[in-house]
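Enquirer: Below are the sequence and a predicted model; questions follow.
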Amino acid sequence: MQIYLVGGAVRDRLLGRVVTERDYLVVGASPADMQALGYRQVGQEFPVFLHPETHEEYALARARRTQHHQRGEVIAEPGVTLEEDLGRRDLTINAIAEDESGQLFDPFNGVEDLHNGLLRHASDSFREDPIRVLRLARFVARYSDLNFQVAAETKQLVQSMAEAGELDNLVAERVWQELVKSLAEVQPQRFFECLREMDVLSHIFPEIDALWGIPQPQNWHPEVDCGVHTMMALATACRLSDALEVRFAALTHDLGKATTSKDILPSHHGHEMRGAKVIKSLCKRLKAPAGFRDLAERCATFHTHLHRLYELRPKTILQLLQGLDAFRKPQNLEWFIIVCTADFQGRKGFEQRAYPQSKDLISAYQAALQVVPGDFPKGIVGPLLGEAIRRARIEQIKTVMSSVKPKKIS
């Protein structure tokens, strides 16, 4: 029995990055051998075992054996070799093993690809699991600071998978999982840009892909293209917040612009409500958690309200706060403001511009928050109390906004 450190732990150590998780590969052993040594089995289809002391994962080597040129079943038995197992991994940089003495085994030249900043599939087995296409793009986002690129032959393989319809039936939960992981990477926008560069974004996230080529008024959006703006807004949101819900809302805030009638372009009247409907459909398809969907829909619906804050009546500002459910969920307001700021600054030449609406809306909210049921006579109850609170909050907001000098925001 031989034990090897494999996968991300080897890759990240070679890149000089912190190793947070270690996975081990066992060659030449059976499940009975592992159990006899005190390892606890946790996998059923393909046995994975937990070390009796460290509780780290040890997986038996696997291979896909074929007969008569037909695709065979994946097996995990003592006769599977190290190279067979590594050949079933997604990328060459993840197909490097290290034995207990520190010697590297690199049958697919993953070390060289690491040095060259190249993401290349280890073998044709890459296409056995189409979710690897998203994982590939996620590595582009993760190592964006190192400028990793997808190898030409891997791009061709991915495109052939798309043409064969292999990306059309991806499991929704797995797509969502990869999307969320990408949002946590260094530069999530590179995830979507990479998928688009490989001509597969439309197969996986058609709502996002549809934004490219849609024009916007140049005086408001010097970058013009909606897709370009969306990537800039996402990058800005990542600079402003680590919350994945915020990043997702920034990614989706303008989806309605892809549905704008061509005869009114580059104007996008009504894109807010249309965008909320697209988000609802997208989240339903991907089985996204309610928290992500809720914030994204609210931001799509109301983001232009904050941009036009100084044009709004106090009554409308209160409606905005209620629409955000800010009085019950203050975090909604905080996150909404970040998304709106990312939308505003995520434009060419606007990156460093001030966005005073954010603090002024907070001031209006804090003033409205001072109005509580105890401020009114005990005889005022039910709907009458609700209306009294509403009117008092409008007056509070009016007082705050009247002290704010209107600002011309372009």
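Expert: Happy to help now that I have it.
Enquirer: Have a look at the protein and report its longest helix.
Expert: helix 382-402 (DSSP state H).
Enquirer: Show me what counts as buried in it.
Expert: Neighbour counts over helix 382-402 (16 or more other Cβ atoms under 10 Å) mark 388-390, 392-394, 396-398, 400-401 as buried. (Glycine included, C-beta is placed from N, CA and C.)
Enquirer: Name the surrounding residues that touch it.
Expert: Contact with helix 382-402 is made by 310, 314-315, 317-318, 360, 363-364, 367-368, 370-373, 375-376, 380, as judged by Cβ atoms under 8 Å, 6 or more residues apart in numbering.
Enquirer: redo that, cut-off 7 Å
Expert: Outside helix 382-402, the residues that touch it by Cβ atoms under 7 Å, 6 or more residues apart in numbering are 314-315, 317-318, 363-364, 367-368, 370-371, 373, 375-376, 380.
Enquirer: pLDDT below threshold where in the stretch 151-300 of the chain?
Expert: The stretch 151-300 of the chain contains no residues with pLDDT under 70.
Enquirer: all helices of it, in order?
Expert: For the stretch 151-300 of the chain, helices defined by DSSP state H, counting those that start in this stretch occupy the ranges 152-163, 172-183, 189-197, 201-204, 206-209, 226-240, 244-252, 271-286, 290-307.
Enquirer: do you know which of the ones you listed lies nearest Ser261?
Expert: Taking Cβ to Cβ, helix 271-286 is the member of these nearest to Ser261, at 10.2 Å.
Enquirer: and the residue most central in space within the chain, how far is that from Ala290?
Expert: The centroid of the chain falls nearest to Leu183 when counting by Cα atoms, centre = their mean (2.9 Å). Noted for Leu183: a distance of 17 Å to Ala290, by Cβ to Cβ, to the nearest Å.
Enquirer: All the strands of this structure, residue numbers only.
Expert: 2-6, 23-27, 40-41, 48-50, 57-60, 63-64, 74-75, 97-99, 104-105, 118-119, 149-150 (DSSP state E).
Enquirer: could you dump these to TSV with mean pLDDT?
Expert: Below are the strands of the chain laid out as TSV (pLDDT from 0 to 100):
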stretch	mean pLDDT
strand 2-6	95
strand 23-27	94
strand 40-41	92
strand 48-50	92
strand 57-60	92
strand 63-64	78
strand 74-75	73
strand 97-99	96
strand 104-105	96
strand 118-119	98
strand 149-150	97
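Enquirer: The ones you listed into a markdown table, with extra columns for distance to Pro356 and mean neighbour count?
Expert: Listed next are the strands of the chain as a markdown table, based on distance: least, Cβ to Cβ, whole Å; neighbours: other Cβ atoms under 10 Å:
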| stretch | distance to Pro356 | mean neighbour count |
| --- | --- | --- |
| strand 2-6 | 53 | 19 |
| strand 23-27 | 50 | 21 |
| strand 40-41 | 59 | 12 |
| strand 48-50 | 54 | 20 |
| strand 57-60 | 51 | 20 |
| strand 63-64 | 60 | 18 |
| strand 74-75 | 59 | 15 |
| strand 97-99 | 55 | 20 |
| strand 104-105 | 56 | 15 |
| strand 118-119 | 43 | 22 |
| strand 149-150 | 41 | 19 |
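Enquirer: For those strands, could you give me CSV that also reports distance to Leu265?
Expert: Listed next are the strands of the chain as CSV, based on distance: least, Cβ to Cβ, whole Å:
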stretch, distance to Leu265
strand 2-6, 51
strand 23-27, 50
strand 40-41, 59
strand 48-50, 53
strand 57-60, 53
strand 63-64, 50
strand 74-75, 51
strand 97-99, 54
strand 104-105, 55
strand 118-119, 37
strand 149-150, 33
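Enquirer: right, so of those, which gets closest to Thr259?
Expert: Taking the strands of the chain one by one with Cβ to Cβ, strand 149-150 is closest: 30.6 Å.
Enquirer: hmm, back to that, quick check: the two most widely separated of the contacts of helix 382-402?
Expert: Top of the distance list for these (Cβ to Cβ): Ser363 and Ile380, 27.1 Å.
Enquirer: re earlier: ok, which of the strands of the chain comes nearest Leu234?
Expert: strand 149-150 (20.0 Å).
Enquirer: quick one, phi psi at Tyr39?
Expert: phi -70, psi 140 (degrees, to the nearest 10).
Enquirer: roughly how far apart are it and Tyr24?
Expert: 10 Å.
Enquirer: which neighbours do those two share?
Expert: Tyr58.
Enquirer: And the strands of the chain: which comes nearest Lys348?
Expert: strand 149-150 (24.7 Å).
Enquirer: what's the closest one packed up against?
Expert: strand 118-119 (3 or more Cβ pairs under 7 Å, 6 or more residues apart in numbering; DSSP states H and E).
Enquirer: Other residues contacting the strand it packs on?
Expert: With contacts defined as Cβ under 7 Å, 6+ apart, strand 118-119 is touched by 91, 93, 136, 139-140, 148-151, 154.
Enquirer: That's all I had, so thanks and see you.
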